[in-house]
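[1] 3D, please:
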Amino acid sequence: MSTRIAFLKGHGTENDFVIVPDPDNAIDLPPAAVAALCDRRAGIGGDGLLHVVRSAAHPEAKDMAAEAEWFMDYRNGDGSIAEMCGNGVRVFARYLQRAGYAGEGDLAVATRGGVKTVHIAKEGDITVGMGKALLPEGDVTVSVGERSWPARNVNMGNPHAVAFVDDLAHAGDLYSPPPFSPVTAYPDGVNVEFVIDRGPGHVALRVHERGSGETRSCGTGACAVAVATARRDGADPTVTGIPATYTVDVPGGTLVITERPDGEIEMTGPAVIVAEGRIDAEWLERSAS
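    Now for the predicted structure:
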């Protein structure tokens, strides 16, 4: 292994990521190494890691190579694998643009949640086609301390529980995963969003991301919140034929989410690369052992 491994650091509405370019899938990144890189005191620091690999070179993405040249091998901050990360896709696309692998216009990105369509606008914002939301049946409840709320079960390629609250402070510190019931609703854990209204078509959230704790933003979470809010408001674009658009404030900024009449969901927001450098490979190997 090279004694130095290239990395970049980027964020989308302050949901931040360590980016490791590895087109040929030659770098071993076990969970302990990812957790060390994402550590904010002993590592580089990030809510997650974006491993940039050509789809044809990764066993989980080979079947998508004909549709998307690049695979976002996304990891949570604790090193666990996640199906999808909405803010991560935008930062991933921004990296590809910076590296000369993509330009303005449309781009396909393979993820564990399927192939996502990305549009890089000339003015800077990036729009991601996030696919369709699934709304599993069954009642779900989330709790913080002595408070409990009914939650909407929304799946955006990864699982979400969306709870509407009177005050975002009711979410507590979100250091630990909020308990939910029934436990069978989310066998692999869940991202939990606490939501308040700010006006017509305008909401704000706080989120506990599975494997990362509270983050400054969650793209799939913002989409799940928009869908849950639309259904609460009696809007279903697949029935009415009218798109539903919500402005979603996250602690790190603002995202705009549109659910189209065909059920497809689009998320628009910023993506920024802030730094690049080299990782000491010997340190990384020690961290992984």
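[2] How about the residue most central in space within the chain: what's its closest non-neighbour residue?
    Nearest to the centroid of the C-alpha atoms of the chain, with distances taken as CA atoms, centre = their mean, sits Cys85, at 2.3 Å. The shortest distance from Cys85 to any non-neighbouring residue, by CB to CB, 6 or more residues apart in numbering, is to Tyr74 (4.9 Å). To be clear about C-beta, it is placed using only N, CA and C from the backbone, and glycine gets the same treatment.
[3] show me where the stretch 101-250 of the chain has strands.
    For the stretch 101-250 of the chain, the strands defined by DSSP state E, counting those that start in this stretch cover 105-111, 114-120, 126-132, 140-144, 147-155, 159-164, 180-181, 191-199, 202-209, 213-215, 244-250.
[4] Go through those strands and pick out the most buried.
    For the strands of the stretch 101-250 of the chain, ranked by mean neighbour count under the definition mean count of other CB atoms under 10 Å, the leader is strand 159-164 at a mean of 25.
[5] So which of the strands of the stretch 101-250 of the chain is nearest Ser287?
    For the strands of the stretch 101-250 of the chain, the distance to Ser287 is smallest for strand 213-215, at 19.8 Å, taking CB to CB.
[6] Identify all contacting residues around that closest one.
    Outside of strand 213-215, the residues within contact range by CB atoms under 8 Å, 6 or more residues apart in numbering are Asn15, Asp47, Gly77, Asp173, Leu174, Tyr175, Arg206, Val207, His208, Glu209.
[7] quick one: contacts for the fifth one?
    Neighbour list for Leu174: Arg206, Val207, His208, Gly213, Glu214 [criterion: CB under 8 Å, 6+ apart].
[8] Which residue ranges of this protein form helices?
    Listed in chain order, the helices found in the chain under DSSP state H are 31-38, 86-98, 219-232, 237-240, 281-288.
[9] Run the angle between the second one and helix 219-232 for me.
    For helix 86-98 against helix 219-232, the angle by axes from the mean of the first three to the mean of the last three CA atoms, to 10 degrees is 130 degrees.
[10] Please point out which parts of helix 86-98 sit buried.
    By neighbour count on 16 or more other CB atoms under 10 Å, the buried set for helix 86-98 is Gly86, Asn87, Gly88, Val89, Arg90, Val91, Phe92, Ala93, Arg94, Tyr95, Leu96, Gln97.
[11] For Trp70, name its beta-bridge partners.
    Beta-bridge partners for Trp70, by DSSP bridges, are Arg54, Val109.
[12] so it makes contact with His51?
    No: the criterion here is CB atoms under 8 Å, and Trp70 misses it with His51 at 10.7 Å.
[13] higher neighbour count, those two?
    Between Trp70 and His51, counted using other CB atoms under 10 Å, the more crowded position is Trp70 (26 against 20).
[14] For Arg98, see how far away the more buried one is.
    13 Å (CB to CB, to the nearest Å).
[15] Thr240: how many residues sit nearby?
    Other residues within reach of Thr240 by the criterion other CB under 10 Å amount to 11.
[16] So for it, what's the pLDDT?
    Here, the pLDDT recorded for Thr240 equals 96.
[17] What separation is there between it and Glu146?
    Taken as CB to CB, the spacing of Thr240 relative to Glu146 amounts to 39 Å.
[18] And Thr127, by the same measure?
    When CB to CB is the yardstick, Thr127 and Glu146 sit 41 Å from each other.
[19] Render the CA-only coordinates of stretch 133-148 in PDB, please.
    In PDB, the C-alpha atoms belonging to stretch 133-148 read as follows (Å, rounded to 0.1, in the frame of the first residue of the first chain):
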ATOM      1  CA  ALA A 133     -40.600   6.700  -1.100                       C
ATOM      2  CA  LEU A 134     -42.000   3.500   0.400                       C
ATOM      3  CA  LEU A 135     -44.600   3.900   3.200                       C
ATOM      4  CA  PRO A 136     -44.700   0.600   5.100                       C
ATOM      5  CA  GLU A 137     -47.900  -0.100   6.900                       C
ATOM      6  CA  GLY A 138     -48.100  -0.300  10.700                       C
ATOM      7  CA  ASP A 139     -48.000   2.200  13.600                       C
ATOM      8  CA  VAL A 140     -44.600   3.300  14.900                       C
ATOM      9  CA  THR A 141     -43.800   5.200  18.100                       C
ATOM     10  CA  VAL A 142     -40.600   7.000  19.000                       C
ATOM     11  CA  SER A 143     -39.600   8.200  22.500                       C
ATOM     12  CA  VAL A 144     -37.300  10.700  24.200                       C
ATOM     13  CA  GLY A 145     -37.300  10.500  28.000                       C
ATOM     14  CA  GLU A 146     -40.900  10.400  29.100                       C
ATOM     15  CA  ARG A 147     -42.300  11.800  25.900                       C
ATOM     16  CA  SER A 148     -43.500   9.700  23.000                       C
END
